[in-house]
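*Asks:* pasting the sequence and the predicted coordinates here, then a few questions.
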Amino acid sequence: MKRKAQGAIEYLFMIAAALVIVLIVVKQLSNKGSSAKSTANTAEESANSELNSMISNA
């Protein structure tokens, strides 16, 4: 009986460790996504202002 309980506890710890790793990866990916979004927005604003200045000079 003691061996089965030890195996079950080890299995639960492995599941918990896998969940922690998944949560860390998801957190990192969501941070990268928001960073990429802000970079894209900055580039879009820059392109828009450049186009507007070209149009107004023409």
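*Replies:* Here it is on my side, so go on.
*Asks:* going forward, measure contacts and count neighbours with C-alpha atoms only.
*Replies:* Noted.
*Asks:* any stretches of this structure with poor pLDDT?
*Replies:* Residue ranges of the chain with pLDDT under 70: 1-2, 58.
*Asks:* if we go to 50?
*Replies:* Within the chain, no stretch has pLDDT under 50.
*Asks:* and K32, what element?
*Replies:* Secondary structure assignment for K32, by DSSP states H and E: helix 2-57.
*Asks:* which helices and strands does that helix pack with?
*Replies:* Helices and strands touching helix 2-57, by 3 or more Cα pairs under 8 Å, 6 or more residues apart in numbering; DSSP states H and E: there are none.
*Asks:* chain center to it, what's the gap?
*Replies:* 0 Å (Cα atoms, centre = their mean, to the nearest Å).
*Asks:* just the CA trace of stretch 26-40, in CSV.
*Replies:* The C-alpha trace of stretch 26-40 is given here as CSV (Å, rounded to 0.1, in the frame of the first residue of the first chain):
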residue,chain,number,x,y,z
VAL,A,26,2.2,31.0,-21.6
LYS,A,27,3.2,34.0,-19.5
GLN,A,28,6.4,34.5,-21.5
LEU,A,29,4.6,34.2,-24.8
SER,A,30,1.9,36.6,-23.9
ASN,A,31,4.6,39.2,-22.9
LYS,A,32,6.3,38.7,-26.3
GLY,A,33,3.0,39.2,-28.0
SER,A,34,2.3,42.5,-26.3
SER,A,35,5.8,43.6,-27.1
ALA,A,36,5.4,42.8,-30.7
LYS,A,37,2.0,44.5,-30.8
SER,A,38,3.5,47.7,-29.4
THR,A,39,6.4,47.6,-31.9
ALA,A,40,3.9,47.1,-34.8
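*Asks:* when you give positions from now on, start the count at 41
*Replies:* Renumbered: residue one is now 41, and that last one reads stretch 66-80.
*Asks:* got the buried residues for that stretch?
*Replies:* For stretch 66-80, the buried set under the neighbour-count rule, 16 or more other Cα atoms under 10 Å, is empty.
*Asks:* with just CA atoms, put stretch 87-97 into PDB.
*Replies:* Extracted as PDB, the C-alpha positions of stretch 87-97 are listed here (Å, rounded to 0.1, in the frame of the first residue of the first chain):
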ATOM      1  CA  ALA A  87       4.600  55.100 -41.500                       C
ATOM      2  CA  ASN A  88       1.300  57.000 -41.300                       C
ATOM      3  CA  SER A  89       3.100  60.300 -40.300                       C
ATOM      4  CA  GLU A  90       5.600  59.900 -43.100                       C
ATOM      5  CA  LEU A  91       2.900  59.300 -45.600                       C
ATOM      6  CA  ASN A  92       0.900  62.300 -44.300                       C
ATOM      7  CA  SER A  93       3.900  64.500 -44.600                       C
ATOM      8  CA  MET A  94       4.500  63.400 -48.200                       C
ATOM      9  CA  ILE A  95       0.900  64.100 -49.100                       C
ATOM     10  CA  SER A  96       0.900  67.500 -47.500                       C
ATOM     11  CA  ASN A  97       4.200  68.500 -49.300                       C
END
